[in-house]
Structure formats: structure tokens, C-alpha cells
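K.L.:
Model the following, please.
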Amino acid sequence: MKYTVLVNKNNRISNNYLNKIDLVMTKNVLEEDIYIEQETYNNYLKLKKFISNELNIDIGIDTAYRDNNHQERIYNHYLETKGKDYCDKYVALVGYSEHHTGLAIDIDVKINNDYMYSDDNFDLAEPVLKKIHPYLHNFGFILRYPENKENITGYNYEPWHIRYVGKIPATIIYENNLTLEEYLNDFGCILYINKPKDITSFDVVNKISNIFGIKKVGHTGTLDPLATGVMLVCVGKATKIVELLTAEDKEYIAEVKLGIKTDTLDITGEVLETRDVPKDLNIIETLNSFKKTYLQEVPIYSAVKVNGKKLYEYAREEKKVELPKKEVTIKEIELLNMNNNTFKFRTLVTKGCYIRSLINDICITLNTIGTMTSLVRTKQGKIDISNTNCLEEIESNNYKYYKIEEVLDYKTIEVDSNLNKKISNGVKLSNEWNIKDKVIFTYNNKLLGIYENNNNELRVWKNFV
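P.N.:
Sure, this is the predicted structure:
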């Protein structure tokens, strides 16, 4: 169930979504049977109990889920009684109402022992409803049509209309004063994740996409299922800077078992060969010899494409293919410990280096065979594993996300309204700030774009507006 589904004047609800809604029946303030989406209702009950206990405010549901016929009756009623101008500001056409999702609730508040229909008793109800708004996000709700956002939502301020989106999206929307439209279209952040073992990088991306309710999510460097550690995930507009973060150096701690070789070059693969390990191997000297730049052969079990086909697909089909080589630099490498036929080392490498291939090359130099048994990415760029969150922490809303300007090591310049217009339109600028590489421009603390030096002239690298 996608709780951030966008239904507004420009986005009609899909039949596919309608077929997936899990509705439950309850009563509204008039004791009429109404329907509401199951998780939305569960969290509404928690919200109702909280504000009753903490604020001494009693709320009830006026309306929640509406089918097409219900919405049509409401629209025609207001069209007849209040006119088209009113409908354009407050009432959606059939198929374009949030109430079709089952995630939207119009709430009434009890004043003087009577529930006040919020629309008809605005002056009485609105001050009470405002007291509730700061607590909505704790239960996964947002104020769907806030003040001064009419040009974005398409509807006037409705203090009674709340919408379930899930706790993480609701918290971000509340803390950043966003609408659902702005969250889905303009929000961007970077997560520092400690990837667990036995899931793919794609699995992590898919999970984050579901948690945040945002489709556009990408990572900045694949980790095999065997590997754990630092994985930077870009959400929303932050996917525009994936290439900058991917290019950063990465630090790993790897463990190797000598005397065994597998087809994948790690312990998860099929064993191809075993042999006795020579005694008195000079591992320290060999590791030191790899502190260099060299052409590294890409492993057959990788996603690198050759002739439009991924290498692991050739491997699975048992087809021969010439493995490409890429230039990599091993900046640092050191032995951490050795025990019998296993050893552990730390290394700092450039973009594109495969630690499995590095281990294979080390073993060839040692005149033996070996395979990787564990791998931890301990650092990517300036991001250390100690600063990461596990997926469970993110799911429980106990995590930190980072803005684009916080992650990139470029100068950030807050501009005036004149430059705001120019940058928003992608106009090239004179390099009055003496920028050598790239620069980040913001306006009212909102990211506008990243420009780069091109022959001492600043030109758009990425636009964010």
C-alpha cells in the first residue's frame, strides 16, 4: 500500500490503486456507517486518544472514504448551493478527490458537548483544530491543505482535512513546512546506511523507496549481498548528485581464506579448486606492493556490461567473454591480523575497485589461491560507518537524513532575489566568487542549483528548481 499516493486536481486516482484499498467500516459523528483505510483508521484512533488525554480535545470523523457516487453527490450539492467558485477552492471533481484513497479524513471537534461541522463553524472550530496540527505527524498524518500553499495544493486552507502518509513522510513534511506535492516533487536527502548482510543493494533501495513513499531512490556504490557497511542512498532530488558521491574513495576491511577458489571470488560461490597453502607467505610485503595504480580485471560475477549484457548473465549461461579491465588505485593497504590460513586487511581504494578482484590478484602474487569470506565498507568519502543508521532505525523513525549541501564539500552561497531568478532560469554567471570547481547556490535556505567553473564562467551543473 502506497500511503503517499498523490491525488489532486492534476492527478486522478487509478483503478489499480482503488482495487488495493483495505477498507474497514466505522461510524462518523452522526452515527452513520462510513469506510476508511485500515492503517489510517488504526493511527487515527491513536491520535484521537492522545489529543483527548493530552489536550482535552475530542475529535470525530465527519467523512473519510468516498466512492465516485458519494463524491458526485457532494460536488453537485455544493455546486448548487455555493457555486462553482466555491467548488474550485474546496471540492474535488469525481476521480480527483483525496477521499477516494481512504487515507483522508475530515474531522470535527466537540465544543460545548456538540461536534461542530468544521466547514460551517470555521470560526469556532479552527482555533481548536490548530492545537492538534503540531501532533499530527507523530501518528503519520499531515495537514493536507495548509495556509499559504493554495497555489501548490490547488485548494484553500482546510484545517479539518488531514491525510495519512506514514510517520516518516509526515515528519519530514511537518519539519520542512512542505505540502505532499512539494515532498514528492522537490524533497531530496541522503541517508547513511549500514547495509546488512545477505541482501542486495537493490533490496536496500527498494526498502527505502517504500519507507519514504518516494519512487526516485538510488545508491552510490553497489555492495554484494555478502558485504556490509557504509551505503549512501539518495532520495528524491538527491539522486541528481549520485555520480559525485560514487566517485569518492572507499575504505574496506576484508577477510580472506587461503587455499580455496570459487567462481564468484567470494565464499558464496561454487568451489572451483582447493590446494595446500604454502608456508611462510610474506603477506605484509605483498600487500605493500599493491599500493599502486593498476589495471584490474572486473570479476565475471558483476553487473558491468559487455556488449549490452551484464557479466553475471554470461557466467550463468556459462558463456565465455573477455573480462574488461579498469584502472584503479590502491591508496592504502595494511594487514590487520592473520590466523592459520586466513588473514584480514584494511584498504582505501578509488572508485570502481573490486575487493574480490584485489584479493584474487594478491593471491596470484603470493602463488596461491584464496577467496573473500567477509567484507565491510567502513568509509565512503568522509562518511564513516560510525555515522550510519541500520534499516531498523530508519523504519522506527530514529535516524538522521542529510541535505545535499551538507554532504558535498563545495562552497554554499545564499543569493538575493535577483540572483535567485537568474539561477532558477539556468543563466550563466560571472565567477565573482573565484570558484575553482563547483558551487552550491541557495535562496531562503532552499537549494537552487549547483554550478561549475567553465573557463572561469559559472554554468549550471544541476538545477534543483
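K.L.:
tell me the contacts of Lys428?
P.N.:
Applying C-beta atoms under 8 Å, 6 or more residues apart in numbering, we find Lys428 in contact with 457-460. Yep, even glycine has a C-beta here, placed from its N, CA and C like the rest.
K.L.:
Could you tell me which of these belong to strands?
P.N.:
457-460 (DSSP state E).
K.L.:
could those be laid out in a markdown table, adding distance to Asp120?
P.N.:
Putting the ones in strands among the contacts of Lys428 into a markdown table (distance: C-beta to C-beta, whole Å) gives the following:
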| residue | distance to Asp120 |
| --- | --- |
| Glu457 | 60 |
| Leu458 | 55 |
| Arg459 | 56 |
| Val460 | 50 |
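K.L.:
Name the member of the residues you listed with the most neighbours.
P.N.:
Neighbour count (other C-beta atoms under 10 Å) singles out Leu458 as the most crowded of the ones in strands among the contacts of Lys428, with 21 neighbours.
K.L.:
give the contact list for that residue.
P.N.:
Neighbour list for Leu458: 428-431, 435, 439, 451-452 [criterion: C-beta under 8 Å, 6+ apart].
K.L.:
So what touches stretch 74-91?
P.N.:
66, 92-94, 119, 150, 155-156, 158.
K.L.:
go with 7 Å
P.N.:
Outside stretch 74-91, the residues that touch it by C-beta atoms under 7 Å, 6 or more residues apart in numbering are 93-94, 155-156, 158.
K.L.:
repeat for stretch 116-130
P.N.:
Counting by C-beta under 7 Å, 6+ apart, residues outside stretch 116-130 touching it are 57, 62, 107-109, 111, 159-160.
K.L.:
Buried residues, that stretch. List them.
P.N.:
For stretch 116-130, burial by neighbour count (16 or more other C-beta atoms under 10 Å) applies to 116-119, 122, 125-126, 128-129.
K.L.:
Please apply the same query to stretch 383-391.
P.N.:
Along stretch 383-391, these residues count as buried under the neighbour rule (16+ other C-beta under 10 Å): 383, 385, 388-389, 391.
K.L.:
how far does that stretch sit from the chain's center?
P.N.:
15 Å (C-alpha atoms, centre = their mean, to the nearest Å).
K.L.:
How far does that stretch stretch from one end to the other?
P.N.:
For stretch 383-391, the first-to-last residue distance is 17 Å (C-alpha to C-alpha, to the nearest Å).
K.L.:
Residues contacting stretch 416-423, please?
P.N.:
Contacts for stretch 416-423 (C-beta under 7 Å, 6+ apart): 415, 429, 441, 443, 448-449.
K.L.:
Mind pulling up the pLDDT for the closest residue to Gly449 other than its chain neighbours?
P.N.:
With sequence-adjacent residues excluded and distances taken as C-beta to C-beta, 6 or more residues apart in numbering, Gly449 is closest to Asn463, at 4.5 Å. If you check Asn463, the pLDDT there is 93.
K.L.:
who does the strand ranked longest in the chain pair up with?
P.N.:
Taking DSSP E as the criterion, the chain has its longest strand at strand 325-339. Sheet pairing of strand 325-339 (DSSP bridges) gives strand 293-297 (antiparallel), strand 342-349 (antiparallel).
K.L.:
What mean pLDDT does that strand get?
P.N.:
96.
K.L.:
Helices of the stretch 251-400 of the chain, residue ranges please.
P.N.:
Applying DSSP state H, counting those that start in this stretch to the stretch 251-400 of the chain gives helices spanning 283-289, 311-316, 355-365, 391-395.
K.L.:
before we move on, back to that, now do the longest strand of the chain and helix 355-365, the angle between them.
P.N.:
70 degrees (axes from the mean of the first three to the mean of the last three C-alpha atoms, to 10 degrees).
K.L.:
quick revisit: can you put the ones in strands among the contacts of Lys428 in a markdown table and add pLDDT and distance to Arg356?
P.N.:
Output for these, formatted as a markdown table (pLDDT from 0 to 100; distance: C-beta to C-beta, whole Å):
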| residue | pLDDT | distance to Arg356 |
| --- | --- | --- |
| Glu457 | 94 | 44 |
| Leu458 | 96 | 41 |
| Arg459 | 96 | 40 |
| Val460 | 95 | 39 |
